[in-house]
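Student: Whatever this is, show me its structure:
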Amino acid sequence: MKIAFITDDDRTISAHFGRARYYAVFTVEEGRIVSRELRPKLGHAQFAAQEAPASPNAPHGMDAASQTRHAAMAAAIQDCQVLVCRGMGYGAYRGMREFGITPIITEEAEIEAALQAYLDGRLEDHPEYLH
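Tutor: Modelled structure (predicted):
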């Protein structure tokens, strides 16, 4: 199993999926971490010129252009089953699910602590933090 965390520093979980610069990806076998890697992540900085105004009655990131950007962001972790963030938009959350990746929104700031909580079955998902 592979678990991805969004990060800017390879230690803490970024507060916003779209702005994070990297994925910290852990491979777990039989409950043990067997590898860790840092992968570059596309985000708002790369898509700034493509930003479209949000629809007034639609949740953030639900338009077709946003979904295309979310697919590009997910490409780097298409081999992962779980994505842990501290915040993300509704569209990105839905997009990850459609790509077969389970998003988890956590209050935990430290990657290592969140990973251990996930492995122990204690990492809580907080979808109320979606925007």
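Student: rest of the way, CA atoms for contacts and neighbours
Tutor: Noted.
Student: where does this structure dip in pLDDT?
Tutor: Applying pLDDT under 70 to the chain flags residues 43-67.
Student: would you list every one of the helices in it?
Tutor: Taking DSSP state H, the helices of the chain run over residues 44-47, 64-74, 90-98, 111-119.
Student: what's next to the last one, contact-wise?
Tutor: Helix 111-119 is touched from outside by Phe5, Asp10, Arg11, Thr12, Ile13, Gly31, Thr106, Glu108, Leu123, with contacts defined as C-alpha atoms under 8 Å, 6 or more residues apart in numbering.
Student: Report the buried residues of that helix.
Tutor: Ile111, Ala114, Leu115, Tyr118 (16 or more other C-alpha atoms under 10 Å).
Student: hang on, Asp79 packs against Lys2?
Tutor: Yes. Assessed by C-alpha atoms under 8 Å, Asp79 is found in contact with Lys2 at 7.0 Å.
Student: Which one's more surrounded, these two?
Tutor: Neighbour tally, Asp79 and Lys2, criterion other C-alpha atoms under 10 Å: the higher count belongs to Lys2, 18 against 15.
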